[in-house]
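> predicted model, plus sequence, below.
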Amino acid sequence: MRLLDMGFDFLSADALLRLISVRGGNLVTPSGMRYRGVQLGGSSRRMTLPVLRKLDELVRGGCDRDRQEAGVVPESRGRSG
């Protein structure tokens, strides 16, 4: 899936934590907006633990990992290992 094949929205950490859930393999909002994936980029190199846990919850909840776009890989804050 190429980014040019679809539109996009920007999503704050607060919106991710409060509004996004998984239905039918897609990310959805309470208003019915549907998204096929999340692209992590720019400032996503570091994120809070609640956001990282929410992303894990979405994947475990059935978000279709085969369709996800990968941006930067988040790095851990604090101790390594």
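Arrived safely, thanks for sending. Residues are numbered from 1 along each chain as shown.
> and for residue 42, the neighbour number?
The local packing of residue 42 (other CB atoms under 10 Å) involves 8 other residues. Backbone N, C-alpha and C define where each C-beta goes, glycine included.
> how close does it get to residue 52?
According to CB to CB, to the nearest Å, residue 42 and residue 52 sit 16 Å apart.
> have a look at the chain and report its longest helix.
Assignment by DSSP state H gives helix 49-60 as the longest helix of the chain.
> who's in contact with that helix?
With CB atoms under 8 Å, 6 or more residues apart in numbering as the test, helix 49-60 has contacts from 13, 16, 17, 20, 21, 22, 27, 38, 65, 74.
> dump that helix to CSV, restricted to CA.
The C-alpha coordinates for helix 49-60 follow below in CSV (Å, rounded to 0.1, in the frame of the first residue of the first chain):
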residue,chain,number,x,y,z
LEU,A,49,4.5,4.3,27.4
PRO,A,50,0.7,4.8,27.3
VAL,A,51,0.9,5.5,23.5
LEU,A,52,3.2,2.5,22.9
ARG,A,53,0.8,0.3,24.9
LYS,A,54,-2.2,1.6,22.9
LEU,A,55,-0.4,0.7,19.7
ASP,A,56,0.2,-2.8,21.0
GLU,A,57,-3.5,-3.1,22.1
LEU,A,58,-4.6,-2.1,18.6
VAL,A,59,-2.4,-4.7,17.0
ARG,A,60,-3.5,-7.4,19.5
